[in-house]
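*Asks:* A predicted structure for the sequence below; I have some questions about it.
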Amino acid sequence: MGTTSLTGDMASAINDRIDSLSGTLLSVSHEIHANPELAFQEHHAAALLCDTLEAQDLIPARGVFTLETAFEATLATQGDGPTVAILAEYDALPGIGHSCGHNLIATAALGATLGLQAIADQLPGQVRLLGTPAEEKGGGKELMARAGAFDGVDAAMMIHPAGVNLSTMPCICVAEVEVIYHGRSAHASAMPHKGVNALDGLLLAYQAISNLRQHIRDEERIHGIITEGGQAPNIVPDRAVGNFYVRAVNEKALATLKPRVQACFEAGATGSGAEVEVKWANVDYLDLNTNWPLAARFQSHGESLGREFMSLKGLGGAGSTDMGNVSYRVPAIHPMLASAPANVIIHNPEFAKWAGSEMGDAAALDGAKALALTTAEFLLDRALQQEVQKAFNVSKGLS
């Protein structure tokens with residue numbers, strides 16, 4: 001296939017199709033937003049997205065790649081060519097709902113796929129919409145990848161809401177760990193010498209981690225909470241539990257930092273006399289290996305919709321996402337679109353309000369259009385495909 005291009009008529013057809021479905025798309029967004037579900041429990045959201053696809057004559061496979069709330073829908077196109085995966089997320093956070101705006105991510109992915117229906121008969125290759133559960137906790141994309149979800153995929157993309165427009169998400173690795181201390185209960189006043197205080201073990205470890213923070217790199221992070229600390233003040237706690245996140249700039253740095261944190265947990269056990277279980281999560285989230293040629297095309301399409309993108313230079317702060325794991329398997333992008341004012345950050349209760357606002361609605365629709373336009377351009381342009389693959393070949397071994 002020679003190099004072709006995305007024509008103005010094609011772009012207009014995509015945008016018009018998304019505009020014609022805006023009521024349906026925003027209804028989906030608002031319903032997911034109003035019914036937040038935690039990781040691996042997104043039954044209502046997954047069903048709603050799949051039912052909406054079926055109503056538009058696109059039949060999804062449900063419960064795929066080992067996850068009950070995952071789904072896949074393949075858009076029928078006109079011939080051989082590359083495969084693009086468009087990713088939807090739809091899990092929420094405990095207590096603060098869609099304060100990461102995953103309702104907008106899901107709606108943008110849904111809208112992009114349905115928008116591409118308008119020119120499907122002109123597209124070579126394949127478009128796959130993947131519903132990916134459990135981004136906030138559990139690493140759903142990594143679990144799906146292990147089950148073959150990204151086999152044969154030539155590019156993967158999604159958007160994420162934010163307070164600003166960015167061509168990619170500043171992103172570092174993260175490992176999650178649960179630590180459980182087991183002691184021996186006793187009456188704290190009558191017989192304290194009979195007890196082994198599990199909470200003491202956890203607090204010693206917590207303090208050791210606080211000390212460790214003085215001696216790690218600027219871009220590394222360790223943070224945690226105590227989820228169980230005892231039943232009553234007059235009973236020596238026989239069980240204490242904490243959850244911690246350990247973050248580093250890349251996979252190699254994370255592998256170096258994790259044993260230092262492990263040593264803090266073990267020191268808490270030694271100092272208190274309690275026994276400790278350290279349960280590292282099955283999935284570590286990797287940093288984001290952004291495919292810059294593809295990100296540049298997304299930004300161009302976002303700008304054509306009237307969005308102004310911030311420079312990444314000097315931008316502080318970084319989160320983590322299991323899209324990072326995808327990005328080391330296939331060329332991938334994870335741009336961010338402003339759906340709230342710049343001073344409202346994600347994972348903040350205030351952000352959840354904006355994810356259900358008119359500004360959030362606009363981000364979902366613009367995200368759908370920019371994703372669809374970028375997908376179409378990639379499928380049509382052999383030169384872009386080669387540029388994207390070359391960039392991936394250079395970068396994929398860096399983590």
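*Replies:* Yes, it's here. Everything numeric in this text was worked out from a predicted model, so none of it was measured.
*Asks:* three-state assignment of Val179?
*Replies:* Recorded secondary structure, Val179: strand (DSSP: H, G, I helix; E, B strand; the rest coil).
*Asks:* mind listing what it touches?
*Replies:* 202, 205, 241-244, 265, 276-279 (C-beta atoms under 8 Å, 6 or more residues apart in numbering). Using the backbone N, CA and C atoms, a C-beta is placed for each residue, glycine as well.
*Asks:* please, a PyMOL command that selects the buried ones among those?
*Replies:* Buried residues within those, by 16 or more other C-beta atoms under 10 Å, are selected in PyMOL with:
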select buried, resi 202+205+241+242+243+244+265+276+278
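*Asks:* return the subset of the contacts of Val179 lying in helices.
*Replies:* In helices, defined here by DSSP state H, the members of the contacts of Val179 are 202, 205, 265.
*Asks:* correct me, but the first one touches Tyr181?
*Replies:* Yes. Here Leu202 lies in contact with Tyr181, judged by C-beta atoms under 8 Å, at a distance of 5.1 Å.
*Asks:* any common contacting residues for these two?
*Replies:* Common contact partners of Leu202 and Tyr181 (C-beta under 8 Å, 6+ apart): 240-241, 268.
*Asks:* of those, closest to Ser300?
*Replies:* Using C-beta to C-beta, Val241 comes nearest to Ser300 of the shared contacts of Leu202 and Tyr181, at 48.5 Å.
*Asks:* where along the stretch 51-200 of the chain do the strands fall?
*Replies:* Under the criterion DSSP state E, counting those that start in this stretch, the stretch 51-200 of the chain contains strands at 61-62, 71-75, 79-88, 124-131, 155-157, 160-162, 173-182.
*Asks:* for Val261, give me its contacts.
*Replies:* So Val261 contacts 177, 209, 212, 222, 244, 246 (C-beta under 8 Å, 6+ apart).
*Asks:* can I get those residues in CSV with distance to Thr4?
*Replies:* Formatted as CSV, those follow (distance: C-beta to C-beta, whole Å):
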residue, distance to Thr4
Val177, 49
Ile209, 55
Leu212, 55
Ile222, 50
Phe244, 51
Val246, 47
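*Asks:* show me which pair in those is furthest apart.
*Replies:* Greatest spatial distance among these (C-beta to C-beta): Val177 and Leu212, at 13.7 Å.
*Asks:* where exactly do the helices run in the protein?
*Replies:* 8-20, 22-34, 43-55, 102-116, 140-146, 198-212, 251-272, 292-304, 323-327, 349-355, 358-380, 382-395.
*Asks:* of those helices, which is nearest Val84?
*Replies:* The minimum distance between Val84 and the helices of the chain falls on helix 358-380, with 4.8 Å, by C-beta to C-beta.
*Asks:* among the contacts of Val261, who's most crowded?
*Replies:* Val246 (24 neighbours; other C-beta atoms under 10 Å).
*Asks:* in space, what's closest to that residue - neighbours in sequence excluded?
*Replies:* Sequence neighbours aside, Ala175 is the residue nearest to Val246 in space, at 4.7 Å (criterion: C-beta to C-beta, 6 or more residues apart in numbering).
*Asks:* how about the contacts made by the residue nearest to the spatial centre of the chain?
*Replies:* In the chain, the centroid-proximal residue (C-alpha atoms, centre = their mean) is Thr321; its distance is 3.9 Å. Taking C-beta under 8 Å, 6+ apart, we find Thr321 in contact with 135, 160, 169, 171, 285, 288, 334.
*Asks:* what's the most distant pair in these?
*Replies:* Largest pairwise distance in the contacts of Thr321, by C-beta to C-beta, is 13.9 Å, between His160 and Tyr285.
*Asks:* now Ala248: how far from Leu288?
*Replies:* Distance, Ala248 to Leu288, by C-beta to C-beta, to the nearest Å: 14 Å.
*Asks:* swap that for Ala149, sorry
*Replies:* Going from Ala149 to Leu288 by C-beta to C-beta gives 18 Å.
*Asks:* same question, Glu142
*Replies:* When Glu142 is compared with Leu288 (using C-beta to C-beta), they lie 14 Å apart.
*Asks:* can you pick out the residue with more neighbours from those two?
*Replies:* Counted by other C-beta under 10 Å, Glu142 and Leu288 do not tie: Leu288 has more neighbours, with 26 against 23.
*Asks:* who's in contact with the more buried one?
*Replies:* Residues in contact with Leu288 (C-beta under 8 Å, 6+ apart) are 168-169, 171, 321, 323-324, 327, 332, 334.
*Asks:* so among these, which ones count as buried?
*Replies:* Buried members of the contacts of Leu288, counted by 16+ other C-beta under 10 Å: 168-169, 171, 321, 323-324, 327, 332, 334.
*Asks:* looking at those residues, spot the one nearest Arg217.
*Replies:* Nearest to Arg217 among the buried ones among the contacts of Leu288, counting by C-beta to C-beta, is Cys171 at 15.9 Å.
*Asks:* ok, Val28 - contacts?
*Replies:* By C-beta under 8 Å, 6+ apart, the contact set of Val28 is 48-49, 52, 106-107, 110.
*Asks:* run the last query once more with 10 Å
*Replies:* Val28 makes contacts with 21, 45, 48-49, 51-52, 90, 103, 106-107, 110-111, 364, as judged by C-beta atoms under 10 Å, 6 or more residues apart in numbering.
*Asks:* test for you: state the pLDDT assigned to it.
*Replies:* We have a pLDDT of 98 for Val28.
*Asks:* Tyr90 now?
*Replies:* For Tyr90, the predicted pLDDT is 98.
*Asks:* and for Ile14?
*Replies:* Note on Ile14: pLDDT of 98.
*Asks:* right, and it touches Ala372 too?
*Replies:* Yes. Counting by C-beta atoms under 10 Å, Ile14 touches Ala372, with 4.8 Å between them.
*Asks:* out of these two, which sits in the more crowded spot?
*Replies:* Taking other C-beta under 10 Å, Ile14 and Ala372 do not tie; Ala372 has more neighbours (30 against 27).
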